[in-house]
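Okay, sequence plus prediction incoming.
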Amino acid sequence: MYSIKNNTTLVAGFISCLLAVPAMVNAADAPVTIRYTLWDRNQLPGEQQLINEFEKENPGIKVEAELTPYDQYFIKLSSAVGGNVAPDVFWMNMPNFQQYVKNGMLEPLSQYLKTPGAPQLDDFVKSSVNAYQYQSAQYAIPRDIDAIAVWYNKDLFDKAGVSYPEKGWTWDTLKQKSEQLRKGLDKQSYPLAMELSSGQDSYFNLLLQAGDDIVLPGGKTDVANDKAFGAYRQVQEMLKAGLIQPPGETEAADVFQSNKVAMVYAGSWWALPFSQNELIKDHIGVVPMPKMAREAGVSHSLAFAMSSKSAHKEAAWKFIAFMSSEHAQQTLASGKVVIPANQKVAKDWAAAFKTIDVSAYVDSLSFSHKYPTAGSNTAKWSSIFNDGLKKVWMGADPQTVMPGVAQRMEREMQK
């Protein structure tokens with residue numbers, strides 16, 4: 001997939017202003033043409049392959065794929081829905097889902113799921129299915145899912161005389177290995193890197209592992225309790241000791257690929273680039289994240305959604321059902337870019353990597369939590385959270401900073 005970026009809050013303004021425009025109704029003359037919008041250019045060839053197969057099986061339906069860069073995607077999509085020119089089928093992500101479903105932009109799919117040949121939701125990772133439900137109805141079908149794991153550089157471990165991390169390790173073990181690595185590495189290298197400006201890549205996982213849930217019922221959050229303070233202080237102590245690459249420098253994954261970091265927290269979307277990088281591919285490995293109070297991690301899932309204003313809903317559903325089929329999921333797995341959301345096929349993604357064992361990501365799905373969302377503007381409260389933590393990573397007392405941050409987050413969560 002990709003690391004979730006903070007979408008501009010302008011999207012909410014587009015939605016509220018444009019919803020009043022009446023829906024466009026056209027007669028459905030054969031052959032039907034439906035529009036399908038996505039944002040990842042790297043995945044377009046694979047999607048086009050599946051589109052060609054679908055059109056061959058359904059000669060009365062033509063699918064036009066439209067690519068919109070992610071930074072513009074949701075603003076353009078909101079404008080298109082309000083202007084009655086929305087694509088029939090489009091990619092949806094978790095941070096924007098609540099905003100779109102509450103404003104009536106998505107077609108409920110529960111009735112379609114009762115039809116013959118419909119995808120079986122029990123086959124998909126549970127957290128990804130639940131993330132796209134609203135008021136007991138399913139509004140999108142998971143396409144792919146990601147997870148976070150820890151990559152390690154065997155050469156740097158060997159140089160420092162430290163044993164490699166293994167599945168089942170703990171946070172205390174990670175700290176111990178980091179301290180050992182610090183002694184054996186040069187001053188320009190770091191034992192550990194994590195993208196501290198991204199909750200998905202770092203602190204969401206640490207809070208979940210500490211036993212928190214981040215989002216609570218009723219628009220509440222637990223990011224300012226004792227468990228959270230403990231997690232923040234763990235990171236602060238390691239930053240102060242030079243065990244973690246300081247935030248604000250080069251992106252964590254880039255430093256890892258330059259052989260300057262022994263371990264890095266990285267999303268599954270990095271598996272393919274890491275495995276193809278000539279500088280590191282022959283001396284790297286990956287294991288699940290270390291356990292704190294519990295095994296836990298955040299997983300984001302992209303999904304197929306249908307516009308509530310589509311003039312060709314039957315054709316749109318046929319396309320969604322095809323793209324959610326086990327065959328389509330296997331095609332996704334063979335591309336190695338993203339993990340298919342179908343649990344039965346996810347292992348095929350790991351098996352497609354012939355030189356590196358990336359099964360740690362698939363193993364992590366068994367204890368994954370859905371990406372935290374709340375209210376109509378997850379991006380806004382996430383930004384408030386991240387801004388508060390910037391002060392904490394710089395050394396501010398979390399007990400002083402985070403209670404006020406939590407209150408501001410809750411105001412946004414309750415909107």
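Done, it's in. Source: prediction; values computed, not measured.

Please identify the nearest residue in space to the most centrally placed residue in the chain, excluding sequence neighbours.
Centroid-nearest residue in the chain, with Cα atoms, centre = their mean: His300, separated by 3.0 Å. Leaving aside its sequence neighbours, His300 sits nearest to Tyr371 (Cβ to Cβ, 6 or more residues apart in numbering; 4.2 Å). Bear in mind the C-beta positions are built from the backbone N, C-alpha and C, glycine included.

list the contacts for the one you found?
Ile4, Met94, Pro95, Ala131, Gln200, Phe204, Val298, Ser299, His300, Ser301 (Cβ atoms under 8 Å, 6 or more residues apart in numbering).

Residue ranges of each domain in this protein, please.
Using the TED database, the domain ranges for the chain come out as 32-146+300-369, 149-298+375-414.

got these as TSV, with mean pLDDT columns?
Shown next, in TSV, are the domains of the chain (pLDDT from 0 to 100):
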stretch	mean pLDDT
domain 32-146+300-369	96
domain 149-298+375-414	97
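
circling back to that earlier point, against Asp146, how distant is the residue nearest to the centre of the chain?
Between His300 and Asp146 the computed distance is 5 Å (Cβ to Cβ, to the nearest Å).

likewise Ala360?
The gap separating Ala360 from Asp146 is 13 Å, by Cβ to Cβ.

Leu272 too?
Applying Cβ to Cβ, the value for Leu272 to Asp146 is 12 Å.

got it, and Phe367?
Here the criterion is Cβ to Cβ. By it, Phe367 lies 14 Å from Asp146.

who has more neighbours, the two?
The residue with more neighbours, out of Phe367 and Asp146, is Asp146; 28 against 18, by other Cβ atoms under 10 Å.

And the more buried one, its phi and psi?
Torsion angles at Asp146 (phi, psi; degrees, to the nearest 10) stand at phi -130, psi 170.

One more: Asn84?
The phi/psi pair for Asn84 (degrees, to the nearest 10) is phi 60, psi 30.

Repeat that for Gly46.
The phi/psi pair for Gly46 (degrees, to the nearest 10) is phi -70, psi -40.

List the contacts of it.
Thr331, Leu332, Gly335, Val337.

What is the neighbour count of Gly104?
What Gly104 shows, counting by other Cβ under 10 Å, is a neighbour count of 12.

Also His369?
Neighbour number of His369 under other Cβ under 10 Å is 17.

And for Gly117?
8.

Quick one: residues contacting it.
Gly117 touches Ala321, counting by Cβ under 8 Å, 6+ apart.

what's the answer for the one 5 residues further on, then?
When contacts are counted by Cβ under 8 Å, 6+ apart, Asp122 is found next to no other residue.

Report the separation between Ala224 and Ala296.
In terms of Cβ to Cβ, Ala224 sits 19 Å off from Ala296.

ditto for Asn130
For Asn130, the distance to Ala296 (Cβ to Cβ) stands at 15 Å.

And these two? Which one has more around it.
More crowded of Asn130 and Ala296, by other Cβ under 10 Å: Ala296, with 22 against 14.

For that one, grab phi and psi.
phi -160, psi 160.

With Asp144 instead?
phi -140, psi 170.

so it sits right up against Leu302, yeah?
Yes. Assessed by Cβ atoms under 8 Å, Asp144 is found in contact with Leu302 at 5.4 Å.

mind saving the C-alpha coords of stretch 284-304 as PDB?
Taking Å, rounded to 0.1, in the frame of the first residue of the first chain, the C-alpha atoms of stretch 284-304 are listed here in PDB:
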ATOM      1  CA  ILE A 284      18.700  -8.100   5.400                       C
ATOM      2  CA  GLY A 285      15.900  -9.900   7.300                       C
ATOM      3  CA  VAL A 286      12.600  -9.000   8.800                       C
ATOM      4  CA  VAL A 287      10.800 -10.000  12.000                       C
ATOM      5  CA  PRO A 288       7.500  -9.000  13.700                       C
ATOM      6  CA  MET A 289       7.600  -6.000  16.000                       C
ATOM      7  CA  PRO A 290       8.800  -6.700  19.500                       C
ATOM      8  CA  LYS A 291       6.100  -7.300  22.100                       C
ATOM      9  CA  MET A 292       5.500  -4.800  24.900                       C
ATOM     10  CA  ALA A 293       2.400  -5.500  27.100                       C
ATOM     11  CA  ARG A 294       0.800  -7.300  24.200                       C
ATOM     12  CA  GLU A 295       1.300  -8.300  20.600                       C
ATOM     13  CA  ALA A 296      -0.400  -5.600  18.500                       C
ATOM     14  CA  GLY A 297       0.000  -3.500  15.500                       C
ATOM     15  CA  VAL A 298      -1.900  -1.200  13.200                       C
ATOM     16  CA  SER A 299      -3.000  -2.300   9.700                       C
ATOM     17  CA  HIS A 300      -4.400  -0.100   7.100                       C
ATOM     18  CA  SER A 301      -6.600  -1.500   4.300                       C
ATOM     19  CA  LEU A 302      -7.500   0.000   0.900                       C
ATOM     20  CA  ALA A 303     -11.000  -0.900  -0.300                       C
ATOM     21  CA  PHE A 304     -13.200  -0.900  -3.400                       C
END
